[in-house]
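Q: quick one, fold the following:
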Amino acid sequence: MNEIRENNRADFGGLVVAAMESRRAEEFATLIRKSGGVPHVSPSMRETPLEDNRAAVEFAHRLIGGEIDAMILLTGVGTEQFVSQVERHVGRERLLNAISDVPTLARGPKPVAALSRLGLRPTMRAPEPNTWREVLETLDREMPVANMRLGLQEYGVTNPSLVAGLEARGAQVDRLRVYQWDLPEDTAPLEANIHRLIDESIDVLMFTSAQQIDHLLAVAGKMELAGALRSVLERVVVASIGPTTSERLRASDLPVDLEASPPKMGQFVRQTAEQAMGLLRRKRTLSQSAMARQRVDVRTGGEDTADANDPLRDAPFLRACRGEPTDFTPVWLMRQAGRYMPEYREVRAKTSFLELCKNPALCSEVMCTAVDFLGVDAAIIFSDLLPILEPMGMELEFAPGDGPVIHNPVRESTDVDRLLDLDSVDSLHFVVETVRQTRADLPSHLPLIGFAGAPFTLASYAIEGGSSRNYLHTKTLMYRDEGAWRTLMQRFARAVTLYLNAQIAAGAQAVQLFDSWVGCLGPEDYKRFVLPYVRELIDGLTPGAPVIHFGAGNPKLLPLIAEAGGDVIGIDWRVSLADAWQNVGHDRSVQGNLDPISLLAPVEEIRQRTASVLDQAEGRPGHIFNLGHGIVPQTPPDHAKALVDMVHELSTR
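A: Prediction:
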């Protein structure tokens with residue numbers, strides 16, 4: 001592939017671009033060429049009308065008979081195909097009159113143009129970017145569909161979230177399918193692009209339809225190159241025209257590095273050209289970092305000279321994060337600077353919690369005080385999960401006795417647009433400065449951990465407006481409008497990636513992602529509504545700083561949490577460490593997992609429970625001792641200190 005160069009212009013800078021397209025291949029190639037790219041555009045599908053489409057004829061009879069209350073037209077081709085397939089059975093004029101007699105919603109300009117050619121105009125039109133979400137929002141605003149029977153003219157395959165959204169609103173959906181997507185008659189150009197990808201002579205791969213993904217994998221499978229193709233896509237920029245295509249990529253376990261907004265061809269090419277250089281550079285860096293890690297046999301103490309000059313390289317905590325042997329099990333505690341300590345309570349008596357979080361000097365002081373007292377092997381910055389919500393448009397207050405309160409929660413699909421993108425961390429400068437200050441104040445041998453809330457936990461706070469027992473509002477939005485949920489989670493994933501990378505740049509040696517509330521979900525919901533966004537987030541973090549991924553509340557999620565990513569998987573107290581590590585895989589480091597309430601027990605009981613956790617780890621490299629969640633305020637400080645001493649004593653090799 002081309003060498004990666006700095007790019008200050010909105011063009012491809014000579015990168016080689018493979019694109020999947022159907023009818024407009026030459027137009028697409030011209031746009032790429034004008035944007036400075038070297039195009040290889042291959043047709044990957046063709047629209048094939050369904051022959052003898054009795055289902056469409058039966059639908060037309062229901063429409064003419066007044067059984068259909070409204071129609072949603074998703075594509076121009078489908079609109080015209082419907083008329084051409086059934087007019088000889090029911091009469092053209094009769095059919096067009098029936099269409100004009102019911103409200104019609106056109107998804108975008110193509111069905112509008114198709115209707116115009118038929119002498120018709122739509123009643124409603126979904127605005128850009130013409131996704132499923134805009135279709136649902138237009139109906140919510142202009143025509144509530146409860147108890148209506150809707151005719152839905154489909155793509156070759158319709159996004160299930162649209163159908164689910166219509167049915168959730170009380171509509172009965174009659175699905176009208178008039179064509180299917182087939183492979184092109186000549187697959188040679190597609191096969192040529194697959195060979196170019198495998199040979200690593202392609203820098204960027206662009207998809208304009210979800211169906212193209214299935215066809216690409218199918219042809220690669222016939223060529224016995226599917227595995228090689230999947231591998232090489234980890235080193236190529238993969239760009240998607242829009243949400244439906246992105247969903248199919250993720251469902252196929254393929255990366256999504258860029259999604260166009262709005263999903264229009266010209267915008268798609270321009271945005272890809274603007275971002276391709278930076279994305280390619282990051283993917284190459286990540287790939288090289290992964291290969292470097294693979295070359296080091298960390299389980300046998302092999303040498304990796306890349307960071308040989310780092311004074312923190314041999315810190316027990318960081319060695320354990322890398323799965324390397326240590327002389328003892330390193331330990332730190334969540335909420336190790338908190339209300340259980342009298343020194344912290346003295347500080348809090350003089351300032352509010354949010355004011356404390358925005359005072360880097362005080363944040364460093366309370367953490368360094370806790371570290372000195374406890375003797376732990378790592379420090380974590382003193383902050384909170386929620387300040388990131390303020391610059392994103394949320395009105396946050398820490399109310400005495402009530403905890404965090406969001407005064408303008410996100411409750412409806414239309415509220416999602418109120419959540420702003422975090423374009424920079426300037427508004428969170430106090431957290432970045434807390435990292436710098438704490439790093440400067442800590443002993444040079446002690447690693448510092450940065451942290452952030454995970455997208456699901458942040459979304460739940462934003463939607464619920466505070467704490468919750470059943471996450472009613474969160475799950476309602478998630479189930480009712482997957483498009484809105486996707487937008488929300490992608491926005492948080494991007495924000496947290498930016499936020500954690502800023503902490504790493506400011507001096508954090510590792511970062512922890514807290515998904516404190518994700519345990520309210522079952523495995524299937526986690527896989528569908530959470531995993532893709534956490535994976536995207538972790539993939540975007542700066543290589544070299546270990547990532548601790550902690551999800552609390554449901555041990556059944558552990559394999560999926562591990563699949564989402566992280567160098568270290570945090571384990572809460574609801575499962576034995578041995579079982580959890582088995583589920584996560586012994587090639588992954590783990591952190592945990594003493595029940596925090598154990599610290600209220602007599603010291604001898606704490607010792608027995610500590611020994612039990614260590615016994616389950618069996619001295620295996622890659623264990624970081626911690627509580628299964630944070631220290632509770634009622635904990636005697638001496639018990640917390642005794643725990644740290646016990647871990648060091650009992651685990652000495």
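Q: burial count for the nearest residue to E605 once chain neighbours are set aside?
A: With CB to CB, 6 or more residues apart in numbering as the criterion, E605 has its nearest non-adjacent residue at 7.2 Å, and that residue is S598. No exception for glycine: its C-beta is placed from N, CA and C like everyone else's. Using other CB atoms under 10 Å, S598 is surrounded by 19 other residues.
Q: would you say S598 is within a helix?
A: Yes - counting by DSSP: H, G, I helix; E, B strand; the rest coil, S598 is located in a helix.
Q: from G36, how far out is it?
A: According to CB to CB, to the nearest Å, S598 and G36 sit 62 Å apart.
Q: do the same with N470
A: The gap separating N470 from G36 is 53 Å, by CB to CB.
Q: pLDDT weak spots in the chain?
A: 1-10, 22-23, 45-51, 155-160, 179-182, 262-263, 282, 285-310, 401-402 (pLDDT under 70).
Q: rewinding a little: neighbour count for N470 and G36, which is higher?
A: Using other CB under 10 Å as the criterion, N470 and G36 rank with G36 on top: 17 against 9.
Q: touching, the more buried one and G13? I think so.
A: Yes - counting by CB atoms under 8 Å, G36 does reach G13; the two are 5.7 Å apart.
Q: for R24, which non-adjacent residue is spatially closest?
A: With CB to CB, 6+ apart as the criterion, R24 has its nearest non-adjacent residue at 7.1 Å, and that residue is M265.
Q: tally of neighbours for that neighbour?
A: Other residues near M265 number 17, with proximity taken as other CB under 10 Å.
Q: so for this protein, the centremost residue is which one?
A: In the chain, the centroid-proximal residue (CA atoms, centre = their mean) is Y533; its distance is 0.9 Å.
Q: confirm that R281 sits in a helix.
A: Yes - in this structure, R281 lies within a helix as judged by three-state DSSP.
Q: any idea how many residues pack against it?
A: Counted by other CB under 10 Å, the residues lying close to R281 total 15.
Q: and it, how far from E167?
A: For R281, the distance to E167 (CB to CB) stands at 44 Å.
Q: S100 now?
A: According to CB to CB, S100 and E167 sit 26 Å apart.
Q: cool, M71 as well?
A: In terms of CB to CB, M71 sits 16 Å off from E167.
Q: between these two, point out the one with more neighbours.
A: Set side by side, M71 and E167 show more neighbours around M71, with 24 against 13, by other CB under 10 Å.
Q: and the strand or helix carrying that one, how far out from the chain's middle?
A: Per DSSP states H and E, M71 falls inside strand 70-73. Centroid separation between strand 70-73 and its chain, computed with CA atoms, centre = their mean, to the nearest Å, is 32 Å.
Q: could you do stretch 340-347 as well?
A: Between the centre of stretch 340-347 and the centre of its chain there are 37 Å (CA atoms, centre = their mean).
Q: can you tell me what sits against that stretch?
A: The contact list for stretch 340-347, computed with CB atoms under 8 Å, 6 or more residues apart in numbering, reads 337-339, 356, 362, 365-366, 369-370, 373, 631-637, 640.
Q: so which of those sit within strands?
A: Secondary structure defined by DSSP state E assigns none of the contacts of stretch 340-347 to strands.
Q: can you turn the buried part of those into a PyMOL selection?
A: Here is the PyMOL selection string for the buried members of the contacts of stretch 340-347, based on 16 or more other CB atoms under 10 Å:
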select buried, resi 337+338+356+362+365+366+370+373+631+635+637+640
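Q: any idea whether F514 is helix, strand or coil?
A: Three-state assignment for F514 (three-state DSSP): strand.
Q: correct me, but the residue nearest to E605 touches E604?
A: No - in this structure S598 lies outside contact range of E604 using CB under 8 Å: 11.7 Å.
Q: for stretch 574-584, output the C-alpha coordinates as CSV.
A: Taking Å, rounded to 0.1, in the frame of the first residue of the first chain, the C-alpha atoms of stretch 574-584 are listed here in CSV:
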residue,chain,number,x,y,z
ARG,A,574,-21.2,-11.9,42.1
VAL,A,575,-19.1,-14.7,40.6
SER,A,576,-16.0,-16.6,41.8
LEU,A,577,-12.8,-15.3,40.4
ALA,A,578,-11.9,-18.9,39.1
ASP,A,579,-15.2,-19.2,37.1
ALA,A,580,-14.9,-15.6,35.8
TRP,A,581,-11.4,-16.1,34.6
GLN,A,582,-12.4,-19.4,32.9
ASN,A,583,-15.2,-17.5,31.1
VAL,A,584,-13.0,-14.6,30.1
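Q: go through that stretch and flag the buried ones.
A: Neighbour-count burial for stretch 574-584, counted by 16+ other CB under 10 Å, picks out V575, L577, A580, W581, N583, V584.
Q: what's the answer for stretch 110-128, then?
A: Buried residues in stretch 110-128, counting neighbours by 16+ other CB under 10 Å, are found at K110, P111, V112, A114, L115, L118, L120, P122, M124, R125, A126.
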